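give me the fold of what follows.
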Amino acid sequence: MVFTEKNRKKNRLIFFLILPFFCGVIFLTQTHFAEATWYDPSTWVNEILYGIFVMFGIFASLAITIFEWAIKPESIQELMNNPGVYESWKFIRDFFNLFFILILLYTAFSVIFQIEKNFKKTLLSLVLAALFINFSFPVSRALIDMTNVPMYFFANQMMAREGGNTDLFGQVMSATALETKLLPKKDESDVSRILMAIVFLFIFSVTLLVLSVMFVIRLVVLVVLVMFSSVGFAASIIPKLDTYGKMWWENFWKYAFFGPAAMLMLLMSVRVFSSLGAGTAGTSSKLIQGMQTVAGTTSIEPSFYASMLLFTIPIIMLWVAMGLAQKMSIAGAGSVVGKGQAFSKWMGKKAYNNPLTNNAYTRGVVSGLKERAENNKVLKFATPKYWKDASKQKEERVAGRVGSGRDGYNRVVENQHNKKVAEAEKKMEEERMSEGELRRRMNDRTSGTDNAEIEAATRILSKKDMLRNGAEMNEAISAMAHANRSMAGAIPEKTEELTKKAGAEIYNMGADLAAAIGRLGNNTKAIVALIDKASDNALNMSDAEYQSIANVNPAVKNKLDGKMRKEGRTGTLVSVAASAPGGSAQAAVKDLFDGMTAEEVAKQRIFTDPRYANEARQHIRDLEGSGIMEDVQRVQEIRKKLNKSVNDAIG
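All right, here's what the predicted structure looks like:
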């Protein structure tokens, strides 16, 4: 399809690349062009680039115009005095006045019927809230004017600095001295210099435009807040409205104080611009001379590049002002500032990659081969990135060892590994890696395999419930232990996390359960989590499988015994106890049910579920064979309690 998303993006890119070219042609200086050697290609390139520079200058003028409109007192007064704003405020005010009438009626009935004793306090709050709501329009406007006083003070300081010009930004461009420091001359033959000047002016223009949009947003939102000012003042009397009242006040003060805060940073930026633009004596002159000395060792235009680097300082200060908008949660600030940063970065990249200064095709091929080499198991050792990362990791580990000894070193190693795991996991999810590929990565033990990728694949399989049986879970536990083998302290915690995320009854065979617990070592928490998830079939284990689990530690044995009693799998418990030196089945059964009444014994699953008839029959016989009369009596009582179907099953 012609109008696919990919084609639309491509067409937009082509449009924005061609637009500056045509603008450059339109803004060509015809007289100068006629005097130049018209058939010289460098003349065409210089003239087009100069036209693009002029276009961005107009773009900067547009941003300045928007900014001036947003902060002029006339603009604020015009919007605030708009009849629509006042009528909207009146509508909201009248709506809240209806509540006051209802509350007055409620208070009157409370007094008449003596229902409410605190009517005096309620009446006082009601009167105060009514006064504030009906005067919320002038009060909120007065508060805005109070915050605008320091903003206009800073603006007047800028005008005074620029010779009293009534146009706030009328001489900002002249204060920067761009025409003498960075502005390329029409006969300039250095293409790279013109390109860098265009990039600088573009970033400067985008910065001014973003700041202008922030002030426009401030102005519009303050007008809306004034329209709804009744909400902020009615919160004290109307139930359930305090949350919205608090929200109104927070936003009101944020938008009101953003103006003077941003204007202060703008004043500082303009003064730094003016100081650097003068560049005749003092600190600015010394700075430029110092930068020229450094730039002169690597550039054929030290004065130009030194000035360009110094002029980035006030631009950064302007971005600090926009950072205030984001910190103060100004609506749309994150989006607008983000777009401005993206445009600035895009312009810088396009200037760097343009055909006049770089071969984009060659760079693309080289970058692709470089990325393939960095991700290859063998070739990555030949890339600078591998050795740079390895050197950085080594420095961090040494610093950790020096600062906190062996523990500090281990923490650094573990943090580095976890960071790589998070990056690998994010990359795999973005690539939507298939389940088969994830399993291949998890089970890859070939030399050179990245442990972070093994763990990342394992974590994704666990997170997406792709470990569906005991065998797959055992593979995941082995992979996690292998990936963290150099950080023994991290293995228990990570395997425990795996077992907790495992699906219910993931183990259906005693052999699988015993094998998994064997891989967990002495990690009691993880083992207990697995035992909790063990199915009834997994508890139907042999004596050897039971002993391999019970021998881990007493806590694990107690957990397993309790689980097997609960599930009615007591046959294995009796068999193991009877096979112990000096043990017997009768004694084991007696110990198993010792302290229980006949009714409690009869409720045990082994006596209520026909599936365990054989084990139940053997338990009864063992009790009878003990030769102790009370046990026989208990057996008789048990038989009476058991239902007919189970009695028939156990004989």
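
could you report the pLDDT at Tyr352?
pLDDT for Tyr352: 40.

then Trp346?
45.

for Leu104, same thing?
We have a pLDDT of 78 for Leu104.

the host helix or strand of it packs against which elements?
If you go by DSSP states H and E, Leu104 is part of helix 83-113. Applying 3 or more Cβ pairs under 8 Å, 6 or more residues apart in numbering; DSSP states H and E, one finds that helix 83-113 contacts helix 119-134, helix 136-161, helix 191-227, helix 229-234. In short, each C-beta sits where N, CA and C put it, glycine included.

closest one to Arg485 among those?
helix 191-227 (49.4 Å; Cβ to Cβ).

now the helices and strands packed on helix 83-113 as CSV including mean pLDDT?
Shown next, in CSV, are those (pLDDT from 0 to 100):
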stretch, mean pLDDT
helix 119-134, 75
helix 136-161, 84
helix 191-227, 81
helix 229-234, 82
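
tell me the most buried of these?
Of the helices and strands packed on helix 83-113, the one with the most neighbours on average (mean count of other Cβ atoms under 10 Å) is helix 229-234, at a mean of 24.

show me what that helix is packed against.
Taking 3+ Cβ pairs under 8 Å, 6+ apart as the contact cut, helix 229-234 packs with helix 83-113, helix 119-134, helix 136-161, helix 242-278.

how about the last one: buried residues?
Residues 245, 248, 251-252, 254-277 are the ones in helix 242-278 that count as buried (16 or more other Cβ atoms under 10 Å).

what do you get for the first one?
By neighbour count with 16+ other Cβ under 10 Å, helix 83-113 contains the buried residues 85, 88-89, 92-93, 96, 99-100, 103, 107.

what angle sits between it and helix 119-134?
170 degrees (axes from the mean of the first three to the mean of the last three Cα atoms, to 10 degrees).

now swap in the longest one and tell me
Helix 242-278 runs at 40 degrees relative to helix 119-134, counting by the same axes, to 10 degrees.

which helix or which strand is home to Gly521?
Counting by DSSP H and E, Gly521 is part of no helix or strand.

could you do Lys559 as well?
helix 554-566.

dump the residue contacts of Gly143.
To be clear, residue 143 is Leu; Gly isn't right here. Contacts for Leu143 (Cβ atoms under 8 Å, 6 or more residues apart in numbering) come out as 252, 256.

kindly provide the distance from Thr147 to Ala261.
10 Å (Cβ to Cβ, to the nearest Å).

same question for Ala452.
44 Å.

ok, now Gln157?
Per Cβ to Cβ, Gln157 is found 15 Å from Ala261.

go on, Thr570?
74 Å.

pretty sure Ala130 contacts Phe100?
Yes - Ala130 is in contact with Phe100 according to Cβ atoms under 8 Å; the separation is 5.3 Å.

compute the first-to-last residue distance for stretch 457-471.
17 Å (Cα to Cα, to the nearest Å).

can you list the buried residues in whatever helix or strand Met480 lives in?
Secondary structure from DSSP H and E places Met480 in helix 470-483. Of all the residues in helix 470-483, those buried under the rule 16+ other Cβ under 10 Å are 470, 472-483.

out of these, who's nearest Ala577?
Gly470 (26.8 Å).

and the closest one, what pLDDT?
Gly470 is given a pLDDT of 69.

switch to numbering from 882
Right, with 882 as the first residue, what we last looked at is Gly1351.

what's around Asp1346, how many residues?
11 (other Cβ atoms under 10 Å).

that should have said Arg1502, apologies.
16.
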